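In: kindly generate the corresponding structure for this input.
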Amino acid sequence: MYQIDSPNAVAAMPAPEPAGLPGWFNAGNPALGIPYTTMTNDWANGIQGELLGILVAAGIAPDKAQTNQVLTGIEMLIQRQAGVFAQDTGAANALVISPALAVTALIAGHKFTVKVNAANTGATTLKVNALEPVPIKTITGAALSAGALPAGGIVQFCYDGTNFQVI
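Out: Numbers count the residues shown, from 1 in each chain. Model prediction:
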């Protein structure tokens, strides 16, 4: 998904015309004098804006070479809301998960439900896919104490923009 970038495109969205009667596209019928529906820049700009809004909300940079970004963005937004279940493959104090839909950036509110591989013995991090490990804190912002994450336990984490919090 990428914004139109033809030579005559404008840098800012023009003010839309006043709303008319909502309707549907019509193929027209020249034999009966029925004109086809004319696509307007207002309609195209609205669709483009809606699609780009999905990418912005998901934290995805528009890429002209990608044709699945809107789908990926919707999936990421659903996962962020519902949470993602993943098996930890890391060691004590260094959880590692690889969700089926790769997470390329963490955004505040991202939730993960994790089956912990090994009990922690102190301060702990969570690494998601190839991203840098992020500290896990309690809801009050304190480092985890030993045993806060039991081996085999299922724990939910929420990214607050800086750390993961146990919720």
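In: flag every buried residue along stretch 32-50.
Out: Going by neighbour count (16 or more other Cβ atoms under 10 Å), the buried part of stretch 32-50 is Asp42, Asn45, Gln48. (Glycine included, C-beta is placed from N, CA and C.)
In: can I get those in CSV including secondary structure and pLDDT?
Out: Listed next are those as CSV, based on DSSP: H, G, I helix; E, B strand; the rest coil; pLDDT from 0 to 100:
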residue, secondary structure, pLDDT
Asp42, helix, 93
Asn45, helix, 95
Gln48, helix, 96
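In: I'd like the residues you listed laid out as JSON lines, including distance to Pro18.
Out: Shown next, in JSON lines, are the buried residues of stretch 32-50 (distance: Cβ to Cβ, whole Å):
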{"residue": "Asp42", "distance to Pro18": "10"}
{"residue": "Asn45", "distance to Pro18": "15"}
{"residue": "Gln48", "distance to Pro18": "20"}
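In: which residue is nearest the middle of the chain?
Out: Centroid-nearest residue in the chain, with Cα atoms, centre = their mean: Ala58, separated by 2.9 Å.
In: for it, what are its contacts?
Out: Each residue near Ala58 by Cβ atoms under 8 Å, 6 or more residues apart in numbering is listed here: Thr72, Gly73, Ile74, Met76, Leu77, Ile107.
In: selection in ChimeraX covering whichever of the residues you listed are buried, please.
Out: Selecting the buried subset of these in ChimeraX, with 16+ other Cβ under 10 Å as the burial test, is done by:
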select :72,73,76,77
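In: from the contacts of Ala58, which ones fall inside strands?
Out: Within the contacts of Ala58, no residue falls in strands by DSSP state E.
In: most widely separated two among the contacts of Ala58?
Out: Greatest spatial distance among the contacts of Ala58 (Cβ to Cβ): Ile74 and Ile107, at 14.3 Å.
In: between the buried residues of stretch 32-50, which is nearest Gly122?
Out: Using Cβ to Cβ, these come closest to Gly122 at Gln48, 49.7 Å.
In: check contacts around the closest one.
Out: So Gln48 contacts Gln3, Ile4 (Cβ under 8 Å, 6+ apart).
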